[in-house]
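Visitor: Provide a 3D model corresponding to the input given below.
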Amino acid sequence: MGKLFSRLLWLVLVVGIATGITYISLLGENDRATTTVKAYFDNIANKRYEANTLLCTRTFNRQFNNLNDPITYQFSLETALLNHFGLINTAVYATETRRDEFWIPYLHDDTLHVSIEIHPRGSSNILSNIFHRDNKPYLKNFVTLIREDGRWKIDAIDTHAQAVEKDFQNTKLSMQNSKYVRQTTQGLVFKANTIDFATLDPIQKRILTFNLNKALTLLNNQK
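Guide: Numbers count the residues shown, from 1 in each chain. Here you go, the predicted structure:
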């Protein structure tokens, strides 16, 4: 009886350890999805737009027709999010991410959704993240990831979400119809208009700053 009990105890212990190792492994794999999303938005914040191609699926990247399209898309997305979270005049911010489900291979589709929230850098802390995380105004299911080439990659971003759709579309349209700068295949054309800083709204100011920085980058890249 004692030997049987000892064997059962060892069996339970082994199963428990194996289950724990499996859970930790799965947790790490699930958390890589949120890491990918955070890296994507951190790249946008730091203007490393081209780096995000590697974080997205081939299908997601195929929606862009030229090298400028993904940059315009990411800038418009950032502008819409900043406006939604009331940070349009904030130069430095941080992105928070949260998984909306737990992925288990073979039991679930290879899909995960991630919610995001942004706030001024330095305004969040560990205790608030632990105890008040659910009170933050996350955009739920905002980013969809799927597994491609054995990794989590961004396959869709919900720019049609009611919270950001209007700002996203308006920013894209404003960039296309800018009163000050027009983009061509050869570079940028500056229009003959007076820039009235007193009447520039925050989004127009961001677009103008973006285009001027792009012009400086193009000039610096000329040999």
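Visitor: CA-only coordinates of stretch 102-113, as PDB, when you get a sec.
Guide: Output of stretch 102-113 as PDB, limited to C-alpha atoms (Å, rounded to 0.1, in the frame of the first residue of the first chain):
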ATOM      1  CA  PHE A 102      -5.000  32.500 -24.600                       C
ATOM      2  CA  TRP A 103      -3.800  30.500 -27.500                       C
ATOM      3  CA  ILE A 104      -3.400  26.700 -27.200                       C
ATOM      4  CA  PRO A 105      -2.000  24.900 -30.300                       C
ATOM      5  CA  TYR A 106      -4.300  22.300 -31.900                       C
ATOM      6  CA  LEU A 107      -7.200  23.400 -29.800                       C
ATOM      7  CA  HIS A 108      -7.500  27.000 -31.200                       C
ATOM      8  CA  ASP A 109      -7.000  28.600 -34.600                       C
ATOM      9  CA  ASP A 110      -3.500  30.200 -35.000                       C
ATOM     10  CA  THR A 111      -5.000  33.600 -34.300                       C
ATOM     11  CA  LEU A 112      -4.600  36.000 -31.400                       C
ATOM     12  CA  HIS A 113      -6.200  39.500 -30.800                       C
END
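Visitor: How far off centre is it?
Guide: Relative to its chain's centre, stretch 102-113 lies at 20 Å (C-alpha atoms, centre = their mean, to the nearest Å).
Visitor: What mean pLDDT does that stretch get?
Guide: Across stretch 102-113, the average pLDDT comes to 81.
Visitor: hmm, who's touching it?
Guide: 26, 29-30, 33, 99-101, 140-147, 152, 155 (C-beta atoms under 8 Å, 6 or more residues apart in numbering). Every residue, glycine included, has its C-beta placed from N, CA and C.
Visitor: Go again with 10 Å.
Guide: 22-23, 26-27, 29-30, 32-34, 36-37, 98-101, 140-148, 152, 155-156, 158 (C-beta atoms under 10 Å, 6 or more residues apart in numbering).
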